[in-house]
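**Student:** sequence unknown, structure follows:
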């Protein structure tokens, strides 16, 4: 790609030669990850995971992320200046009505999924279906574009039978006429993936680790599905950040997944910025060789133009869902209360969250284990992730670079 893109949506991270120079790109949302460090000879070494660089003998403390939303042209001649172009996160515009924005989102998602199906003609498409509104909407739209679409549902083995998520996924898959693969994992099989989740997810915070454990179980099962076709995984991730649709969970008298006490608009800014450090989808599925697509990323401009009164409101999300997906989904899909995939049910059985708490895999343990796996100190982690973002420095042909 000789010409620089003026805009970029979705996920991207690459290091590629362009003439005598090198071009380094990372998408504006920071969905894809890219890290670098300087070698003993002064050269620059890149990797998608810090663990790869650590295993090559580079100290964790010297590893930085490529800044999200940047296109860096690194000259082959170290005497030349490094050129950096910033890709805007989204096209800023005045807030528009729910109906107008919903139509834009529907149009963008349809065009994106149609283009994806055309580009990956012959692939086996699978959609992760929790039974929640976000994944249900993607399943309903993808069914119209991706022939042979298969839904996949996760559940943890439970003393009280199937989770609310599994029950709802079965009901919805039936009503959408989609085949459903049910992935039911034992507690031990989930937790044996913890080290992989910490290194591939590049995060130690409990919310993202718990979500990544769900995705790891899904990825393992999807990779094992026998087919000669290439597989592409679709998820409903990112809509929660765009709509500030998060809240704490409670288990055994304690609160988990706490968020800053901010206005919905300010909270959305924090959550979208925090995508820079969430590799719970791309990294985890990638560990099993599975490309994952998050269609909502293509509609980020429209989501961030929504009226502020829709943010942080379950009713607002329902109203938007009705406007975007309409009759594609049955009524119960809009009326169902929000349930986190890490939890799975509204009752006492709190799924992955409860499992980790009961096994002593708490926030301090996750932090310590991440540091151990990367050969670094606990103090260095505070410098690696700050305010929800990785330590980011522009790679430069000469030592240094702009933060």
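**Tutor:** The structure has been received and is ready for your questions. A quick note: this is a predicted structure, and the numbers were derived from the prediction, not measured.

**Student:** first vs last residue of stretch 172-182, how far apart are they?
**Tutor:** Terminal residues of stretch 172-182 are spaced 13 Å apart (C-alpha to C-alpha, to the nearest Å).

**Student:** Return the set of buried residues in that stretch.
**Tutor:** 172, 173, 176, 178, 180, 181 (16 or more other C-beta atoms under 10 Å). C-beta here means a position set from N, CA and C on the backbone, and glycine is covered the same way.

**Student:** quick one: the strands in the stretch 151-300 of the chain?
**Tutor:** 180-185, 231-234, 249-251, 254-256, 292-293 (DSSP state E, counting those that start in this stretch).

**Student:** By mean pLDDT, show me the worst of the ones you listed.
**Tutor:** When the strands of the stretch 151-300 of the chain are compared by mean pLDDT, strand 249-251 comes last with a mean of 87.

**Student:** packing partners for it?
**Tutor:** strand 254-256, helix 351-358 (3 or more C-beta pairs under 8 Å, 6 or more residues apart in numbering; DSSP states H and E).

**Student:** Which residues are in contact with the closest residue to residue 230 other than its chain neighbours?
**Tutor:** Spatially, and ignoring its direct neighbours in sequence, residue 230 is nearest to residue 123 (4.8 Å; C-beta to C-beta, 6 or more residues apart in numbering). Contacts for residue 123 (C-beta atoms under 8 Å, 6 or more residues apart in numbering) come out as 229, 230, 231, 232.

**Student:** please redo it, this time with the cut-off set to 6 Å
**Tutor:** 229, 230, 232 (C-beta atoms under 6 Å, 6 or more residues apart in numbering).

**Student:** And the helices and strands packed on strand 249-251: which comes nearest residue 108?
**Tutor:** Residue 108 lies closest to helix 351-358 among the helices and strands packed on strand 249-251, at 31.7 Å (C-beta to C-beta).

**Student:** What count of nearby residues applies to residue 326?
**Tutor:** 11 (other C-beta atoms under 10 Å).

**Student:** wait, is it part of a helix?
**Tutor:** Yes - under DSSP: H, G, I helix; E, B strand; the rest coil, residue 326 sits within a helix.

**Student:** Next, count neighbours for the closest residue to residue 342 other than its chain neighbours.
**Tutor:** What sits nearest to residue 342 in space, not counting adjacent residues and going by C-beta to C-beta, 6+ apart, is residue 210, at 3.9 Å. Residues near residue 210, counting by other C-beta under 10 Å, number 26.

**Student:** what's the answer for residue 76, then?
**Tutor:** Neighbours of residue 76 (other C-beta under 10 Å): 11.

**Student:** Excluding chain neighbours, give the residue nearest to it in space.
**Tutor:** residue 20 (4.5 Å).

**Student:** The one you found and residue 36: what is the separation?
**Tutor:** 20 Å (C-beta to C-beta, to the nearest Å).

**Student:** Which of those two has more residues huddled nearby?
**Tutor:** residue 36 (22 against 9).

**Student:** That one is in contact with residue 46, isn't it?
**Tutor:** Yes - in this structure, residue 36 is within contact of residue 46 by C-beta atoms under 6 Å, at 4.8 Å.

**Student:** Helix or strand with the lowest mean pLDDT in the chain?
**Tutor:** None of the helices or strands of the chain scores lower by mean pLDDT, DSSP states H and E than strand 83-86, at a mean of 78.

**Student:** Now do the contacts for the residue nearest the centre of the chain.
**Tutor:** Nearest residue to the geometric centre of the chain (C-alpha atoms, centre = their mean): residue 281, 4.4 Å. Residues in contact with residue 281 (C-beta under 6 Å, 6+ apart) are 235, 237, 292.

**Student:** please redo it, this time with the cut-off set to 10 Å
**Tutor:** 11, 31, 128, 201, 208, 211-212, 215, 218-219, 233, 235, 237-238, 292-294 (C-beta atoms under 10 Å, 6 or more residues apart in numbering).

**Student:** Ranking by neighbours, what's the top pick from the contacts of residue 123?
**Tutor:** That'd be residue 232 among those, by other C-beta under 10 Å, with 19 neighbours.

**Student:** Distance check, that one against residue 294.
**Tutor:** Residue 232 is 12 Å from residue 294, by C-beta to C-beta.

**Student:** For the stretch 301-403 of the chain, just list every one of the strands.
**Tutor:** Under DSSP E, counting those that start in this stretch, the stretch 301-403 of the chain gives strands at 385-386, 389-390.

**Student:** Looking at those strands, which is nearest to residue 109?
**Tutor:** Using C-beta to C-beta, the strands of the stretch 301-403 of the chain put strand 389-390 closest to residue 109, at 27.3 Å.

**Student:** Show me what the least confident helix or strand of the chain is packed against.
**Tutor:** If contacts are counted by 3 or more C-beta pairs under 10 Å, 6 or more residues apart in numbering; DSSP states H and E, strand 83-86 sits against strand 21-26, strand 70-74.

**Student:** With respect to residue 255, which of the ones you listed lies nearest?
**Tutor:** The nearest among the helices and strands packed on strand 83-86, by C-beta to C-beta, is strand 21-26 at 33.8 Å.

**Student:** and the closest one, what does it pack onto?
**Tutor:** Counting by 3+ C-beta pairs under 10 Å, 6+ apart, strand 21-26 packs on strand 13-18, strand 44-47, strand 70-74, strand 83-86.

**Student:** Looking at those strands, spot the one closest to residue 152.
**Tutor:** strand 13-18 (25.4 Å).

**Student:** Buried residues in that closest one, which are they?
**Tutor:** For strand 13-18, by 16+ other C-beta under 10 Å, it's 13, 15.

**Student:** Give me the distance between it and the centre of its chain.
**Tutor:** How far strand 13-18 lies from its chain's middle: 22 Å, per C-alpha atoms, centre = their mean, to the nearest Å.

**Student:** do stretch 262-281 as well
**Tutor:** With C-alpha atoms, centre = their mean, you get 11 Å for stretch 262-281.

**Student:** Distance of residue 296 relative to residue 337?
**Tutor:** For residue 296, the distance to residue 337 - C-beta to C-beta - is 21 Å.

**Student:** Those two - which one has more neighbours?
**Tutor:** Between residue 296 and residue 337, counting by other C-beta under 10 Å, residue 296 is the more crowded of the two (25 against 8).
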